[in-house]
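K.L.:
Would you be able to build a 3D model of this:
(4 chains, ligands or ions: 2)
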Amino acid sequence: MITDRIAVDIKVPNQTRYLCLIGHIGENIARTLRNYSGDREKLAYDLNLVLTEAMANAIQHANEGDPDKEVHIEISIISQRLIIRVFDFGEGFDFKQYVRPGHPLDEHGRGIYLMHSIMDEISYQQTESGHVLKMIKDL
Amino acid sequence: MITDRIAVDIKVPNQTRYLCLIGHIGENIARTLRNYSGDREKLAYDLNLVLTEAMANAIQHANEGDPDKEVHIEISIISQRLIIRVFDFGEGFDFKQYVRPGHPLDEHGRGIYLMHSIMDEISYQQTESGHVLKMIKDL
Amino acid sequence: MNLQIEDKGAAVLMAVQEERLDAHNSGELKNHMLKLFEEGKNNLVVDLQAVRFVDSSGLGALVSGFKNASSRNGNLKLSGLQLQVKSMFELTRLHRVFEIYTDSDEALASFQQ
Amino acid sequence: MNLQIEDKGAAVLMAVQEERLDAHNSGELKNHMLKLFEEGKNNLVVDLQAVRFVDSSGLGALVSGFKNASSRNGNLKLSGLQLQVKSMFELTRLHRVFEIYTDSDEALASFQQ
Ligand SMILES: Nc1ncnc2c1ncn2[C@@H]1O[C@H](COP(=O)(O)OP(=O)(O)O)[C@@H](O)[C@H]1O
Ligand SMILES: Nc1ncnc2c1ncn2[C@@H]1O[C@H](COP(=O)(O)OP(=O)(O)O)[C@@H](O)[C@H]1O
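P.N.:
Ligands and ions are numbered 1, 2, ... in the order given. Predicted structure coming up:
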């Protein structure tokens, strides 16, 4: 069986106008995957969503909205595992605290809950040069 | 003026089924550009087209349709110049020979003519590890 | 943001004419709602028929509008949710917060009763 | 490839039901046309109404069909070209090779004269 082996590495300015570019790339990957027996349009929405959420967090919380900074995202598929990495150069935060849903009438705080619900694995770790949010979905 | 600074690096299997993924990324970049006064939908089609043509050549002529090989494409925008690089590991070819359109009833040979018509600069060069088709468009 | 706003008497209809409601444009939606509240228009229908994608900040803007409307004895109702957008409301349990109608006519009619 | 083939008497109508006609699926279109020629069906209308994008290999497949049809005293005509697809035919001067009609009805009617 031929499996997909894809690697996409994206750097864009730290601006929300690029959210749709990244989200669309996620959608397109879902639609071109060779082996996927699930609901492709659901996967397309889900990848669009987790990429949008992770990138919006990097822009707003880690890079603090500074439009001259850069956001770096990697999407790869190896052996039927889809891996997303979003790098940030902020101070980091306590990731576990936000995994559970908050109050239904909260205006904020649904991003990490959504990523956690959709993906099979999610972690947030320090690297030499900042932090990386890593999410994995088994296809 | 804030200008776009974008870098997308893509590796996919040497298969035509991924042409649409790469083409769509080109379209999406055209649609999210910050500063572009021309016809955005025309630019979207043109980037879709040159990426599709260059990648199809790498797949069919350089990598000779071997589905286990890989295609590597870089798209970047710096200072209002859009640069596309398509790497191949084939034997190379005489690029200049195909810049002019052939006979209208030829079945093949329109790809390089089209890329040459659409982009502002185009070159094909040897690198340490193969060849690279480089195309530039001033935005 | 492309937004069509129309005063229908019993409520104001806001039709979001965007493919995406995300962190890039949700702030703008919030501002437009605030402006209406300031004008004393506390009954809103937000029609999402054209919206194919909503993220958490889009949901947040709608929650903010809902809370503002409620605190002024008004209401914010939703209409026209596409299937996948509806799933987002279910996943976040917001389908229990909002009154959701199939189309804007139904949502507007519910204000007239 | 999603292709709707219908024998209309004077000609066979092939409606390409794909967003893209490119190096991934143009070979399949060529094969379908060859099969029709083998069955003695030499008058074709290829309707591209659904096609948003054509690359050089899509154009090549249509040229191949045109040449085959002509050599059998038939014809291959096109219909339903979207604006940007039409530009591709102009850029490659293929608009002078093919008879191009607004819609498939017109193209079919031209075979009945
Ligand atoms: N990359 C990050 N760097 C620093 N803090 C972050 C990052 N991502 C998330 N956070 C923190 O986690 C909180 C919860 O994030 P999230 O669930 O996405 O909701 P929201 O972004 O709506 O607040 C944020 O409010 C922020 O304080
Ligand atoms: N990356 C490449 N490596 C080797 N040969 C190539 C490459 N790209 C193009 N060619 C050669 O140039 C010719 C013309 O290419 P092109 O104009 O794209 O038309 P087509 O691919 O339809 O033949 C090809 O037929 C092939 O022989």
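
K.L.:
mind listing what the helix or strand containing residue A:131 pairs with, with the direction of each?
P.N.:
Under DSSP states H and E, the secondary-structure element containing residue A:131 is strand A:130-138. Neighbouring strands of strand A:130-138 in its sheet, by DSSP bridges, are strand A:81-88 (antiparallel), strand A:121-127 (antiparallel).

K.L.:
Residue numbers of chain A in contact with ligand 1?
P.N.:
Residues of chain A found near ligand 1, taking Cβ under 6 Å from any ligand atom as the criterion, are A:53, A:57-58, A:61-62, A:88, A:90, A:93, A:98, A:108-112. All C-beta spots, glycine's among them, are computed from the backbone N, C-alpha and C.

K.L.:
at 8 Å what do you get?
P.N.:
A:53-54, A:56-58, A:60-62, A:86, A:88, A:90-93, A:95, A:97-98, A:107-115, A:124, A:131, A:133 (Cβ under 8 Å from any ligand atom).

K.L.:
OK, contacts around residue C:8?
P.N.:
For residue C:8, the contact set (Cβ atoms under 8 Å, 6 or more residues apart in numbering or on different chains) comprises C:45, C:108.

K.L.:
Now it, what are its backbone angles?
P.N.:
Listed backbone geometry of residue C:8 is phi -100, psi 20, with angles given as degrees, to the nearest 10.

K.L.:
Would you mind giving the strands paired with strand A:130-138 as a markdown table with mean neighbour count and mean pLDDT added?
P.N.:
A markdown table is the format used below for the strands paired with strand A:130-138 (neighbours: other Cβ atoms under 10 Å in any protein chain shown; pLDDT from 0 to 100):
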| stretch | mean neighbour count | mean pLDDT |
| --- | --- | --- |
| strand A:81-88 | 21 | 97 |
| strand A:121-127 | 13 | 95 |
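
K.L.:
Please name whichever of these is nearest to residue B:68.
P.N.:
Using Cβ to Cβ as the criterion, the shortest distance between residue B:68 and the strands paired with strand A:130-138 is 19.2 Å, found for strand A:81-88.

K.L.:
Check which helices and strands the next helix or strand after the closest one sits against.
P.N.:
Using DSSP H and E, the next helix or strand after strand A:81-88 towards the C-terminus is helix A:111-118. If contacts are counted by 3 or more Cβ pairs under 8 Å, 6 or more residues apart in numbering or on different chains; DSSP states H and E, helix A:111-118 sits against helix A:40-57, helix C:56-71.

K.L.:
mind listing the helices for chain C?
P.N.:
Counting by DSSP state H, the segments of chain C that form helices are C:26-38, C:56-71, C:83-91, C:104-112.

K.L.:
Report the beta-bridge partner residues of the closest residue to residue A:89 other than its chain neighbours.
P.N.:
For residue A:89, the nearest residue in space outside its immediate sequence neighbours is residue A:130; the separation is 4.0 Å by Cβ to Cβ, 6 or more residues apart in numbering or on different chains. Per DSSP bridges, the residues bridged to residue A:130 are residue A:127.

K.L.:
Surely residue A:130 touches residue A:87?
P.N.:
Yes. Checked against Cβ atoms under 8 Å, the pair residue A:130 and residue A:87 is within contact range at 6.0 Å.

K.L.:
For burial, what's the neighbour tally of the closest residue to chain D within chain A?
P.N.:
Of all residues in chain A, residue A:32 sits closest to chain D, with a separation of 10.1 Å (Cβ to the nearest Cβ). For residue A:32, the number of neighbouring residues by other Cβ atoms under 10 Å in any protein chain shown comes to 20.

K.L.:
Ramachandran coordinates for it?
P.N.:
Residue A:32 has phi and psi values of phi -100, psi -10 when expressed as degrees, to the nearest 10.

K.L.:
still on that earlier bit, and the residues of chain A next to ligand 1, which of them are buried?
P.N.:
Buried by 16 or more other Cβ atoms under 10 Å in any protein chain shown: A:53-54, A:56-58, A:62, A:86, A:88, A:98, A:107, A:110-115, A:124, A:131, A:133, out of those.

K.L.:
Export the helices and strands packed on helix A:111-118 as a markdown table, with columns for mean pLDDT.
P.N.:
Putting these into a markdown table (pLDDT from 0 to 100) gives the following:
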| stretch | mean pLDDT |
| --- | --- |
| helix A:40-57 | 98 |
| helix C:56-71 | 98 |
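
K.L.:
what's the closest of these to ligand 2?
P.N.:
Distance to ligand 2, taken as Cβ to the nearest ligand atom, is lowest for helix A:40-57 among these, at 30.3 Å.
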